[in-house]
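**Student:** Fold the following.
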Amino acid sequence: MIQKIAIAGAGISGMSTAYVLQKKGYEVTVFARAFSPLITSNKAAAFWFPYHIRNDKRGVDWCTTSYRYYQDFMKDPSTGISMHQLLKVLRQGEEEEEPIWKEFMPAGSFGEVEPPELPSGVARMYDVQVPLIETQLFLPWLHDRLREAGVQFIQTNLDGFEQLSEDFDLVINCTALGSRELCGDETLVPVRGQVGLLAPGPKLPIYLDNEMPLYVVPRKDAIIVGGTYEPHELNEQTEPPTIERILNNAYQVFPELKQQSVIGSWAGLRPYRPDIRLEREQGTNIIHNYGHGGSGFTLAFGCAEGVGKLVDEGLLKRVV
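**Tutor:** The predicted structure is shown next:
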C-alpha cells in the first residue's frame, strides 16, 4: 500500500526529500508558506562544498551522495548544473596540517596547487572540481519534475505538525529555521549571509577564501560575491558598507571585476545547528531533516536518501 507522506518546507531540503521519496513510489504532498523563487534557497550561491559540517562525520556520506546526484542531473543542461573549477585558499597563518574538509571530498575531485604557483600571501591552495547549482534554473526545473511526477504543493502557514500527523502516514520536517518555533529547538541559530551581485562577464573559477572572507561564484545571471557569517542576526536587509567591503575584497583577487557593474545585493539566513537533525522523533510519525547551515545544497540529496532509508526500514510508522 502506498504511504501518504507530508513534507513541511519547500527549500532544497524539502524539495530533494520529495524527489527521493516520490522516486520510491510514495504519495508526496509538500506544504510551505512560500515556494521558489520566494525562498532562501533561491538566494544561495549554491556550489557544492562541505561548509561548517566538519564535526558531523555522517556528512561524509551525505556530501558524496549529493555530489553523485548533481553529476547525474548535469547530463540535462536545462537543470542549470555544471561541473566547475573551485580554488580553495588558505592564507598564511591559517594553514591546517591536513584540512578536515578533504574527508568529505569524492576521490579524485581535488589536488593541491604547487608552491611556485601560489599567489602572494597564500600558504596553500587547492584546485577542486565541484558542481555549481544555478538556483534560478535548478529549483524551477526540480519543481516542474515533481509536479509531473504527481507531487502536490500546498501553500500554507504551519503552526504545528498535529494536523499533518493525523492526515498523513508520515511527516517529514524540512522547515529549516522554522523549526526553532515548530520544534522549540533553541540550538538552531540563524546566520545571516550578505552578498553583492555583479553583472555576468569574465569566465572565472569559483573562489573560496574563509580568512578574507570571500567567495566569488560566476553564474549565468550574475557574479555572486560574498560573504558574511553573522550568527543570531534576523535582519534580512543588506548593509551598504558591508557590500562595499565584500566587493573590494573581490577586486583585490580579480581586478577585472572592477569593470562589471553592480546590479544588486541580497541577504539570506542560514539555519545553523551544531549537529544536523536527521532522525525520528520518538513516539511520533515525524522525521526531522534540518540544521544544514551553509551546506544545504551540498547535503540535500544525501540527507534525503537518509530520510528514504528510515522510511523504507519502517522506522517511521504511524502512531496508533
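**Student:** Can you read off the pLDDT for Lys317?
**Tutor:** pLDDT for Lys317: 51.
**Student:** any chance you could map the strands in the stretch 101-250 of the chain?
**Tutor:** Along the stretch 101-250 of the chain, counting by DSSP state E, counting those that start in this stretch, strands occupy 110-112, 122-133, 152-155, 170-173, 189-198, 206-209, 214-218, 223-226, 230-231.
**Student:** Which strands border the first one, and is each parallel or antiparallel?
**Tutor:** Based on DSSP bridges, the pairing partners of strand 110-112 within the sheet are strand 122-133 (antiparallel).
**Student:** which residues touch the strand it pairs with?
**Tutor:** 46-49, 67, 70-71, 74, 80-95, 99, 105, 109-113, 117-119, 206, 217, 219, 297 (CB atoms under 8 Å, 6 or more residues apart in numbering). Every residue, glycine included, has its C-beta placed from N, CA and C.
**Student:** on that earlier part again, with mean pLDDT and distance to Pro240 as added columns, please give the strands of the stretch 101-250 of the chain in a markdown table.
**Tutor:** Converted to a markdown table, these look like this (pLDDT from 0 to 100; distance: least, CB to CB, whole Å):
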| stretch | mean pLDDT | distance to Pro240 |
| --- | --- | --- |
| strand 110-112 | 96 | 36 |
| strand 122-133 | 95 | 28 |
| strand 152-155 | 96 | 33 |
| strand 170-173 | 96 | 37 |
| strand 189-198 | 95 | 10 |
| strand 206-209 | 96 | 22 |
| strand 214-218 | 96 | 18 |
| strand 223-226 | 96 | 14 |
| strand 230-231 | 95 | 15 |
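**Student:** Tell me which of those strands sits nearest to Phe254.
**Tutor:** strand 214-218 (6.6 Å; CB to CB).
**Student:** Report the strands that pair with the closest one, each with its relative direction.
**Tutor:** strand 206-209 (antiparallel), strand 223-226 (antiparallel).
**Student:** Ser41 versus Gln136, what's the distance?
**Tutor:** 11 Å (CB to CB, to the nearest Å).
**Student:** who has more neighbours, the two?
**Tutor:** A direct count of neighbours by other CB atoms under 10 Å for Gln136 and Ser41 places Ser41 higher, at 24 against 15.
**Student:** which residues touch that one?
**Tutor:** Ser41 sits in contact with 11-12, 15, 135, 139, 296-297, where contact means CB under 8 Å, 6+ apart.
**Student:** measure it to Leu257 for me?
**Tutor:** 26 Å.
**Student:** So which of the contacts of strand 122-133 are in helices?
**Tutor:** Counting by DSSP state H, the contacts of strand 122-133 place 67, 70-71, 297 in helices.
**Student:** so which of those residues is the most crowded?
**Tutor:** Phe297 (28 neighbours).
**Student:** Could you check the pLDDT of it?
**Tutor:** 96.
**Student:** Same question for Glu98.
**Tutor:** Value for Glu98, per-residue pLDDT: 71.
**Student:** partners of the longest strand seen in the chain in the sheet?
**Tutor:** With secondary structure taken from DSSP state E, the chain has its longest strand at strand 262-280. Strand 262-280 pairs in its sheet with strand 189-198 (antiparallel), strand 286-292 (antiparallel), by DSSP bridges.
**Student:** Low-confidence ranges, the stretch 201-320 of the chain, go.
**Tutor:** Along the stretch 201-320 of the chain, the model assigns pLDDT under 70 to residues 314-320.
**Student:** Pull out the buried residues from the contacts of strand 122-133.
**Tutor:** For these, a burial check counting by 16 or more other CB atoms under 10 Å picks out 46-49, 67, 70, 74, 80-81, 84, 86-90, 99, 105, 109-110, 113, 118, 206, 217, 219, 297.
**Student:** Show me what the helix or strand hosting Leu299 is packed up against.
**Tutor:** Assigned by DSSP states H and E, Leu299 belongs to helix 296-312. Using 3 or more CB pairs under 8 Å, 6 or more residues apart in numbering; DSSP states H and E, the elements in contact with helix 296-312 are helix 12-23, helix 59-73, strand 262-280, strand 286-292.
**Student:** Buried ones in the helix or strand following the first one, by neighbour count?
**Tutor:** By that I understand helix 12-23. Scanning forward in sequence from helix 12-23 by DSSP H and E, the next helix or strand is strand 27-32. Neighbour-count burial for strand 27-32 flags 27-32 (criterion: 16+ other CB under 10 Å).
**Student:** avg pLDDT for strand 27-32?
**Tutor:** Across strand 27-32, the per-residue pLDDT values average to 97.
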